[in-house]
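Colleague: Fold the following and give me the result.
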Amino acid sequence: MTDTTRSLSAPLAPPARRFSLGEGARVRLYQFALLALILGLWEGLTRVPYLMKNTFLDPFFISRPSLIAEQLWAWTFGAQAGFLVPHLASTLVATLLGLAVAGVTGFAAGLVLSQNPVLAKTLNPFIVCFNSLPRIAMVPLITMMFGLGLLAKVVTVWFVVFFLIFFNTFKGSLSVEKHILQFCQTLGASPRQILWSVRVPSALAWTFAALPNAISFSLVGVVIAEFVGTTTGMGYLIVSSLSTLNANEMFAAITVLGLVGIALVSLAERLERRLLRWSPQFNER
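Modeller: So this is what the prediction gives:
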């Protein structure tokens with residue numbers, strides 16, 4: 001066999017593999033890059049003497065990332081270690097309780113009214129009226145009725161979140177296509193079976209779609225309730241830092257609230273994937 005024949009018969013070497021990041025890794029990389037850019041600009045601009053003296057870019061007003069990090073370290077590991085725990089726990093407990101109560105009652109009410117058209121039309125003007133009330137303006141009234149403790153925070157969260165869950169559940173239950181209902185009836189399914197096997201899963205999908213906003217609004221409701229008059233909570237920390245003109249503590253508390261919101265939304269997404277495994281949006285992944 002000649003050298004030419006031998007070279008033609010030899011197997012081709014596999015092409016060199018190129019290193020490529022997955023979509024999730026690329027997204028994380030972009031997120032960290034954007035965060036680094038924002039923090040870098042914030043830190044750098046607040047160190048320019050001219051901007052500090054002539055604009056709002058003064059650490060006294062907007063702090064700076066390094067000072068916020070120092071405050072978070074002091075609350076966690078430094079001289080004030082453990083100081084943040086009761087405030088964060090108070091806000092978290094009120095947020096989760098209020099979200100749970102609003103979620104259960106909103107889901108149940110939306111499901112019931114979706115199955116009772118006459119009752120839904122009867123209550124519609126009252127629902128629109130209560131949903132139109134300004135949430136923030138109601139906080140002092142709720143505090144006056146339920147005091148300054150946990151109950152007032154839970155009621156505030158319920159008032160903020162209930163209608164968001166209710167309307168999504170109501171629309172989700174009614175969004176089932178007619179041919180699916182007709183197919184179930186052809187198979188001999190009873191109204192109760194259609195409710196639990198078709199309408200409830202559809203309503204759950206719509207409810208979970210509203211959950212990220214519900215979590216954010218729950219945190220906002222609790223913090224606003226803590227503004228009015230409490231001695232614990234992240235809202236109390238923000239108000240107390242305002243009274244002492246301490247921007248570092250204020251932005252540190254806001255940072256903690258943002259991280260808590262991200263964590264809660266991530267947990268909600270994991271729960272959604274587990275409960276709605278049948279949904280096409282998760283089967284395709």
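Colleague: quick one: L257 and Y236, what's the gap?
Modeller: 12 Å (Cβ to Cβ, to the nearest Å). Just so you know, the C-beta spots here come from the backbone N, C-alpha and C atoms, and that holds for glycine as well.
Colleague: same deal with F60?
Modeller: 22 Å.
Colleague: and what of L113?
Modeller: 38 Å.
Colleague: same check, this time on S190
Modeller: 53 Å.
Colleague: One more: V200?
Modeller: Using Cβ to Cβ, we find V200 at a distance of 40 Å from Y236.
Colleague: Please apply the same query to M138.
Modeller: M138 is 20 Å from Y236, where distance means Cβ to Cβ.
Colleague: okay, the two: which has more neighbours?
Modeller: A direct count of neighbours by other Cβ atoms under 10 Å for M138 and Y236 places Y236 higher, at 20 against 17.
Colleague: Any stretches of this protein with poor pLDDT?
Modeller: 1-21, 278-285 (pLDDT under 70).
Colleague: Quick one: the helices in the stretch 1-150 of the chain, in order.
Modeller: 3-9, 23-45, 49-54, 59-62, 65-76, 84-114, 117-132, 135-146, 150-174 (DSSP state H, counting those that start in this stretch).
Colleague: looking at these, which is buried most?
Modeller: Comparing those by mean neighbour count (mean count of other Cβ atoms under 10 Å), helix 150-174 comes out on top with a mean of 23.
Colleague: burial of N213, as a residue count?
Modeller: Neighbour count for N213, taken as other Cβ under 10 Å: 14.
Colleague: I should have written L204 there, sorry.
Modeller: Using other Cβ under 10 Å, L204 has 20 neighbouring residues.
Colleague: repeat for the one 3 residues further on
Modeller: T207 is surrounded by 25 other residues when neighbours are defined as other Cβ under 10 Å.
Colleague: what packs against the helix or strand hosting it?
Modeller: Using DSSP states H and E, T207 sits in helix 200-229. The contact analysis (3 or more Cβ pairs under 8 Å, 6 or more residues apart in numbering; DSSP states H and E) places helix 200-229 against helix 84-114, helix 135-146, helix 150-174, helix 234-243, helix 247-275.
Colleague: on contacts alone, who are the packing partners of the fourth one?
Modeller: Contacts of helix 234-243 with other secondary structure elements, assessed using 3+ Cβ pairs under 8 Å, 6+ apart, are made with helix 84-114, helix 200-229, helix 247-275.
Colleague: roughly how far is the first one from the heart of the chain?
Modeller: In other words, helix 84-114. Chain-centre distance of helix 84-114: 12 Å, with Cα atoms, centre = their mean, to the nearest Å.
Colleague: same question, stretch 42-60
Modeller: In terms of Cα atoms, centre = their mean, the centre of stretch 42-60 is found 32 Å from the chain centre.
Colleague: First-to-last residue distance for it?
Modeller: 13 Å (Cα to Cα, to the nearest Å).
Colleague: and if you look at stretch 49-58?
Modeller: 9 Å.
Colleague: Please enumerate residues in contact with it?
Modeller: Under the criterion Cβ atoms under 8 Å, 6 or more residues apart in numbering, residues 45-46, 48, 59, 62 lie in contact with stretch 49-58.
Colleague: got a list of what A214 touches?
Modeller: Residues near A214 by Cβ under 8 Å, 6+ apart: 99, 102-103, 161, 164-165.
Colleague: can you do 7 Å?
Modeller: By Cβ atoms under 7 Å, 6 or more residues apart in numbering, the contact set of A214 is 99, 161, 164-165.
Colleague: Check V228 too.
Modeller: 139-140, 143.
Colleague: cutoff 8 Å now
Modeller: With Cβ under 8 Å, 6+ apart, V228 has these contacts: 139-140, 143, 148.
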